[in-house]
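> after the sequence you'll find the predicted model.
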Amino acid sequence: MIISSGQVALPGQDTPLQLDIRVEKGRVVELGPELGGDSDIIDARGLLVLPGAIDPHVHMNDPGYTEREDFITGTCAAACGGVTTVIDMPCTSVPPVTDAASLWQKLAAIEHKAVVDYGLFGGVSGQSLAGALLHDMEALAPHVLGFKTYFISGMESFHRLDHYGFAQVLRVAREVGRPVLLHAEDHDYVRPATEDAMRQGIVAEDYYRSRPETAETLAVLAAARLAEEAGADLHIVHVGTAAAAEVIAQCGATAETAPHYLEFTLADFIRVGAPLKVTPPVKASPNREQLWEHLARGTLGFVASDHAPCPREGKATGSIWTDYSGVPGVGTLLPYMLSEGYLKGRIGLSRFLEVVSEEAARRYGLADRKGAIAPGKDADLVLVDPEATWTVRGAASYSKGKVTPFEGRELRGRVLKTLVRGTVVYDADQGVVASGGHGQLLRAAH
């Protein structure tokens, strides 16, 4: 196959180059002008050719909570949005992925469903901490890309860790050579603040008051100190507070943010309500602008959607306290960052490529195959019309989550084709054209 005459976005370059891409056996083998041969041709003239996006934070809920999402619907939504690799969290499946037995059970449930490639995180919960911690983490380490933990959790099947337990996990993770991912909100702040806020009311602002900026920053401060003492590799997920990002930059950890923190503020949450309920909640206005600045200069390494959909009724319970926390996002991750990041000039092309593909591939040991358009790497490619505009409509998504805070948002840049390892999995005129099972499990190269 040859992808012909596209404007190809190459790593480290702030201007795309008109090139052909030759693909053989699922990999990029050659880049150059007017490549000849008898290959099948995909005409990309006038289109931007991007590396497939990596979404390193999704909750596909499979097996166990498939009324919210499953690996078929979730990876179809990913393909439509130009995401060619997802990394699934361990906590929202039954059983959670905290030991080898649960890992094999999950793989058996999902391996014939994925349309795009996927990796998995293992997890350590309060329950699993009480078991054979070293044995379980050693058994999982070759098959997972990191270990997810929480300082506060509302999940009965995946309890939080206290600081001592988190320190234990950090030490073992260092031994097995995997990063520790943390949901960073301070339990000792949030628990009493929630009790007080619930007495005040049932609307969005009450929920925000239970988990303000301070709760996030306190958790990051504690985690950073514990990771430094353990000599461990720490990553903070879904950062929504600028002060927390500054702490992360000083301590040498890595972090991600999400499109909803870059687009929305507390004022939007008060206006929109449950469709924008996420945890941690979106914050007051200055944070949004400051997070863009942190992302542009690299304090925040990359973006991830924290894709966590639910049925429509989950967002309409009548109280912000019982409304489901989470939004669908895997299908809007790349289009949003393209439209509002690169095409609006907030970040240059090379930084855009880093935050949607390259940095996540490097962080999780996938950069030998994923994250950029280069000879030897998988032919994960996205063809985009950079001039076309389109409007986000939740009802049109392959995801089971139809309620999105981006509803009605017009974005510039329309995904026309998505290829995973050289195979077209999505075409704008035909929809998803690959079968479940095309996606392959990814393990870290180191």
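Perfect, thanks for sending it.

> name the element residue 387 belongs to?
Counting by DSSP states H and E, the element that carries residue 387 is strand 381-391.

> can you list contacts of that strand?
Identification of contacts with strand 381-391 by C-beta atoms under 8 Å, 6 or more residues apart in numbering yields 3, 6-7, 21, 42, 44, 46-53, 82, 84, 334-335, 338, 343, 373, 408-419. Placement of C-beta: from N, CA and C, glycine included.

> stretch 61-69 too?
Residues external to stretch 61-69 that are found in contact with it (C-beta under 8 Å, 6+ apart): 59-60, 70-71, 74, 92-95, 105-106, 109-110, 113, 307-311, 314, 328, 399-401.

> next one: stretch 219-233
151-152, 163, 166-167, 170-171, 173-174, 178-180, 182, 184-186, 234, 236, 239, 244, 247-248, 250-253.

> quick one: buried ones out of those residues?
With neighbours counted using 16 or more other C-beta atoms under 10 Å, the contacts of stretch 219-233 contain these buried positions: 151-152, 166-167, 170-171, 173-174, 178-180, 182, 184-186, 234, 236, 239, 244, 247-248, 251, 253.

> in helices, which of those residues fall?
Among those, the residues falling in helices (DSSP state H) are 166, 167, 170, 171, 173, 174, 244, 247, 248, 251.

> ok, the last one to residue 39 distance?
Just to be clear, that refers to residue 251. Here residue 251 is placed at a distance of 49 Å from residue 39 (C-beta to C-beta, to the nearest Å).

> next one: residue 62
In terms of C-beta to C-beta, residue 62 sits 36 Å off from residue 39.

> check residue 234 too.
Residue 234 sits 45 Å away from residue 39, going by C-beta to C-beta.

> and residue 159, by the same measure?
To residue 39, residue 159 is 54 Å away according to C-beta to C-beta.

> looking at the two now, which is surrounded by more residues?
Using other C-beta atoms under 10 Å, the more surrounded residue of residue 159 and residue 39 is residue 159, with 18 against 15.

> surely that one touches residue 153?
Yes - counting by C-beta atoms under 8 Å, residue 159 does reach residue 153; the two are 5.8 Å apart.

> overlap in contacts of these two?
125, 126.

> in stretch 389-396, what counts as buried?
Of all the residues in stretch 389-396, those buried under the rule 16+ other C-beta under 10 Å are 390, 392, 394.

> so who does the second one touch?
In other words, residue 392. With C-beta under 8 Å, 6+ apart, residue 392 has these contacts: 332, 404, 406, 407, 408, 409, 410, 411.

> for the stretch 51-200 of the chain, give me the ranges with low pLDDT.
Along the stretch 51-200 of the chain, segments meeting pLDDT under 70 are nowhere present.
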